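Asks: sequence first, predicted model second:
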Amino acid sequence: MGRHSLPDAHAPEERGGTSPRRRRRTIAIATLLVLAVAAGTGVAVNSGLWSFSESCEDSAVRLTLAASPDIAPAVRDIAEQALADEVRSDGHCLDVEIVARDSYKVADTLASGAEAPDFQVWLPDSDLWLDRAEGLGAGTPISPSDSVASSPVALAMVPAASKRLGWPEQTYSWAEVVTAALTADKVRLGAADPARSATGLLALTSIGGSSAQQGGDSDTRVAETAKVLAERMSDSDAQVLETLARSGTGAEEGNPRRNQAVLISEQAAFTHNAEATGSGKLDLFYPKDGTPLLDYPYTLVDEEKLTLAQSRAALRFMTLLNDKSSRDVFARHGFRPPSGAAEDTVVASAGGRSPQPYATSAAEPPSAKQLQEMLGMWTITVQSARLTTVVDASGSMATPVPGRGLSRMDVTKESLIQALAQFTPDDEIGLWEFATTLDGAKDYRKVMETRRLGDPVQGGSTHREKLSAAFAGLQPVPGGATGLYDTALASYEEARSTFVKGKFNALVILTDGSNQDDDGISRSGLIDRLKELADPERPVPIIAIAVGPDADREEVAEIARVTGGDGYEVSDPAEIQAVILQAIMAAGQNGRAAQE
C-alpha cells in the first residue's frame with residue numbers, strides 16, 4: 001500500500017528540544033503579556049484597579065473556558081476554588097466558567113469561522129487540534145500557549161485478557177502488543193474514531209511508526225489493524241470505556257459485543273478504575289517504544305477581541321493552572337504534569353505496574369505529516385471513497401511534457417490509471433471530461449457513472465476495468481478551450497445530489513489552464529453558487545489540481561476552498577497520483593470526511 005508514502009509541502013517538525021510550534025506559542029503569549037502589562041499598568045493605577053476593597057461580585061472578570069471533557073472537572077475545581085479564595089487579576093476577581101466541549105467539534109467550529117465562539121479560552125486535549133482549528137487560515141484566530149497537564153496513551157485490558165499476554169512482566173512495542181492482543185485468543189480490541197479522538201489518532205500513528213520499524217509491508221499491517229479497529233470503533237473516548245466487558249460477565253466468555261482491550265489515555269483508565277471494582281478494573285500496557293502524550297495546550301481564542309481585563313485575567317488563570325496547588329488537583333483527577341513525568345500514585349490507580357515502562361520518556365510527538373498520512377489512510381482504508389474525476393480535455397492537453405516524449409494528456413492518463421490501482425472494490429469512482437463545445441453547447445460530458453469499482457458490468461468485466469479503459473481513451477479536443485466554470489458547477493451539483501453517507505465524497509478536477517469560456521457562468525457567479533450548495537452535513541470538497549505551467553493554482557484553489565477543499569499544483573502530470581491521495585488525507589485531517 002505504497003499510497004500512504006506521499007510527498008508533503010510542509011517540512012516535518014524539528015526533533016529534540018522545543019518544536020517551532022511550541023516556540024511560537026511561548027512567543028505569542030509572552031508578547032501578549034508584555035503588551036498587557038505595558039498598557040494595563042497605567043490604566044490600573046489611574047482607575048484604581050489595584051484596589052482590593054471592591055467585593056468579588058462587583059469586580060469579577062468573567063471568562064468562559066471550553067475544555068476537553070476529560071480535563072473539564074479538574075479545571076472546574078480549580079476555577080471554583082479561585083473564586084472562593086477571591087484570587088484576583090489587577091484587583092478583579094477571577095470568575096471562570098468551565099464548559100465541556102469535544103475538542104474535534106471546537107476545532108471544526110473555529111476552522112470554519114462560521115459563528116463567533118462563546119468562549120475566550122480553549123483547552124483541547126491535544127495540540128494536534130490546533131492545526132485542524134487553524135485550517136486554511138480563514139477561521140477564528142487562536143493563540144496557543146504551553147500545556148497545563150498531560151496523560152500518556154496506553155493499551156488497557158481487563159485482567160483476564162492482560163494475564164494471557166503476560167502482564168505486567170511481559171513488555172511489548174506498540175506493534176507487538178496490538179498484534180498480540182489481536183492474536184491471543186482473539187482479544188476484542190476497541191478504540192475511538194481517529195477522526196474525532198486525539199487518543200485514537202495518536203495510538204494508531206504510534207502503531208504505524210512501530211510497525212515500520214519491523215520492516216516488511218508495514219502499511220498493509222497497519223491498514224489491517226485499522227480495519228479491525230473500525231469494526232469496534234466508538235465515536236468518543238468516553239464511549240470506548242462503555243464498550244468494555246463488565247465485571248462478573250467473564251472476560252473470556254462474556255458478551256462478544258463487548259471489548260476486552262481498549263486504546264485510551266492513562267487518565268481515562270484512572271477515572272474508570274476509581275469507579276470499578278474487582279475484575280472490572282483495568283491493567284495498562286505501556287509500550288516500550290514510548291507512549292505519545294495528550295498535552296492540553298492553553299489557548300486564547302480571537303485575542304484581539306478580548307478586552308484588556310479579559311486578556312490579563314486569562315493569563316492570570318493560566319499561571320494559576322500551573323502552580324503547585326493546581327498540579328495537586330490535576331493529580332487527584334489522574335493527570336500527569338506537562339513534562340509527562342510519571343506520578344506513581346496516578347499510575348498505580350490507572351492500572352500500571354512495574355516492570356511496565358510507565359516512567360519511560362514520552363515518545364516524540366508525531367509530525368503534522370505523519371498525522372496527516374495516518375488520518376488519510378484511515379479515511380480511505382476504513383471509510384471508502386466516492387470520487388468523481390473531472391479531466392480537462394482541451395486542446396492544450398496535447399502539449400508535450402518536457403523530457404518525457406509524451407503529451408500532458410498521455411501522462412495524466414497514466415497517472416490516473418496508476419492511482420486507480422490503489423483503491424478498493426468498495427471505493428466508488430466516476431469520470432467526466434470537459435472542453436468547450438465538447439457535447440453540443442455543453443462544455444462537459446459524463447464518460448462513466450460514479451459507482452463501486454467492484455461492481456460487475458455488461459461483458460463480464462468490472463467497473464474498475466471499464467473505468468481504466470475510459471481513462472486510457474481520453475483524448476484532447478483539437479481547438480477545444482477550457483470550460484472550467486460551467487463544468488465545475490455541473491459536476492458539483494451532481495456530486496451533491498448523489499452524496500453517499502458514510503463515504504468520503506469528493507470531486508477531483510484536473511485542468512491545465514484557466515477558464516476560457518466567456519459564454520458560461522462567471523467565476524464570482526460560480527463561487528456564489530458553490531457557497532449556496534455547500535453543506536457541512538453532506539460535505540463534498542473539491543480537490544482541484546492545476547497541471548502544468550499554464551494552470552492557475554490560485555484560481556482553482558479559490559473555487560475549491562468554498563467547498564472545504566483546496567487547490568494543488570503539479571508541474572509534471574506524473575505527480576497527480578500522489579497529489580490526489582495527499583489531498584484526500586488533508587481533507588480527512590481537517591474533518592471533512594462524511595460522518596457516519
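Replies: Received it, and whenever you're ready, just let me know what you need.
Asks: can I take it that residue 156 is in a strand?
Replies: Yes - counting by DSSP: H, G, I helix; E, B strand; the rest coil, residue 156 is located in a strand.
Asks: which residues touch the closest residue to it other than its chain neighbours?
Replies: What sits nearest to residue 156 in space, not counting adjacent residues and going by Cβ to Cβ, 6 or more residues apart in numbering, is residue 282, at 4.2 Å. Glycine gets a C-beta too; all of them are placed from N, C-alpha and C. Contact partners of residue 282, counting by Cβ atoms under 8 Å, 6 or more residues apart in numbering, are 156, 157, 158, 244, 269, 272, 273, 276, 350, 351.
Asks: same deal with residue 92?
Replies: Residue 92 neighbours (Cβ under 8 Å, 6+ apart): 49, 59, 60, 61, 309, 313.
Asks: and the pLDDT at the first one?
Replies: Right, the one you point to is residue 49. According to the prediction, residue 49 has pLDDT 38.
Asks: also the last one?
Replies: The score at residue 313 is 96. That number is its pLDDT.
Asks: distance of it from residue 398?
Replies: Separation of residue 313 from residue 398 (Cβ to Cβ, to the nearest Å): 65 Å.
Asks: need the strands for the stretch 151-300 of the chain, in chain order.
Replies: Remark: strands assigned in the stretch 151-300 of the chain by DSSP state E, counting those that start in this stretch are 151-157, 189-192, 233-234, 261-265, 283-285, 293-294, 297-301.
Asks: and the fourth one, what's buried?
Replies: This points to strand 261-265. Within strand 261-265, the residues that count as buried by 16 or more other Cβ atoms under 10 Å are 261, 262, 263, 264, 265.
Asks: picking that back up, and residue 313 and residue 398? Which one has more around it.
Replies: Between residue 313 and residue 398, counting by other Cβ atoms under 10 Å, residue 313 is the more crowded of the two (27 against 16).
Asks: tally of neighbours for the nearest residue to residue 383 once chain neighbours are set aside?
Replies: Excluding the flanking residues, the one nearest residue 383 by Cβ to Cβ, 6+ apart is residue 504, at 5.3 Å. Counted by other Cβ under 10 Å, the residues lying close to residue 504 total 25.
Asks: just for the chain, where's the confidence low?
Replies: Applying pLDDT under 70 to the chain flags the ranges 1-54, 136-138, 184-186, 217, 247-256, 380, 515-518, 550, 582, 585-596.
Asks: switch the cut-off to 50
Replies: Residue ranges of the chain with pLDDT under 50: 1-24, 26-28, 30-53, 249-253, 589-596.
Asks: how is it divided into domains?
Replies: Domain assignment for the chain by automatic domain parsing gives 21-145+298-332, 152-293, 384-589.
Asks: quick one: which of the ones you listed is nearest residue 342?
Replies: Residue 342 sits nearest to domain 152-293 of all those, at 8.6 Å, using Cβ to Cβ.
Asks: which helix or strand contains residue 62?
Replies: Per DSSP states H and E: residue 62 is located in strand 61-67.
Asks: ah, wrong one, I meant residue 489
Replies: helix 484-497.
Asks: buried set for that helix?
Replies: 484, 485, 486, 487, 488, 489, 490, 491, 492, 494, 495, 496.
Asks: what about residue 280, how many neighbours?
Replies: With other Cβ under 10 Å as criterion, residue 280 counts 18.
Asks: that one touches residue 269, doesn't it?
Replies: No - Residue 280 is not in contact with residue 269 according to Cβ atoms under 8 Å; the separation is 11.9 Å.
Asks: roughly how far does the residue nearest to residue 327 when sequence neighbours are not counted sit from residue 323?
Replies: Distances taken as Cβ to Cβ, 6+ apart place residue 337 nearest to residue 327, at 5.9 Å, with adjacent residues excluded. Noted for residue 337: a distance of 12 Å to residue 323, by Cβ to Cβ.
Asks: identify the residues contacting residue 340.
Replies: The contact partners of residue 340, by Cβ under 8 Å, 6+ apart, come to 150, 152, 293, 361, 362.
Asks: now for these, which pair is the farthest apart?
Replies: Maximum pairwise distance among the contacts of residue 340 (Cβ to Cβ): 12.3 Å, between 150 and 361.
Asks: re the thing from before, put together JSON lines for the domains of the chain, with distance to residue 370 on each row.
Replies: Below are the domains of the chain laid out as JSON lines (distance: least, Cβ to Cβ, whole Å):
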{"stretch": "domain 21-145+298-332", "distance to residue 370": "10"}
{"stretch": "domain 152-293", "distance to residue 370": "6"}
{"stretch": "domain 384-589", "distance to residue 370": "11"}
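Asks: tell me which of the strands of the stretch 151-300 of the chain sits nearest to residue 101.
Replies: Shortest distance between residue 101 and the strands of the stretch 151-300 of the chain, using Cβ to Cβ, is found for strand 297-301: 11.6 Å.
Asks: that closest one to strand 61-67, inter-axis angle?
Replies: Computed by axes from the mean of the first three to the mean of the last three Cα atoms, to 10 degrees, the angle separating strand 297-301 from strand 61-67 equals 130 degrees.
Asks: ranges for the helices of the stretch 351-500 of the chain?
Replies: 368-378, 408-420, 463-472, 484-497 (DSSP state H, counting those that start in this stretch).
Asks: and what of the stretch 1-150 of the chain?
Replies: For the stretch 1-150 of the chain, applying DSSP H, counting those that start in this stretch gives helices covering 20-47, 56-59, 72-84, 103-112, 128-134.
Asks: run the chain-centre distance for the second one.
Replies: In other words, helix 56-59. In terms of Cα atoms, centre = their mean, to the nearest Å, the centre of helix 56-59 is found 41 Å from the chain centre.
Asks: so what touches it?
Replies: Residues outside helix 56-59 that contact it (Cβ under 8 Å, 6+ apart): 83, 86, 88, 91, 92, 93, 95.
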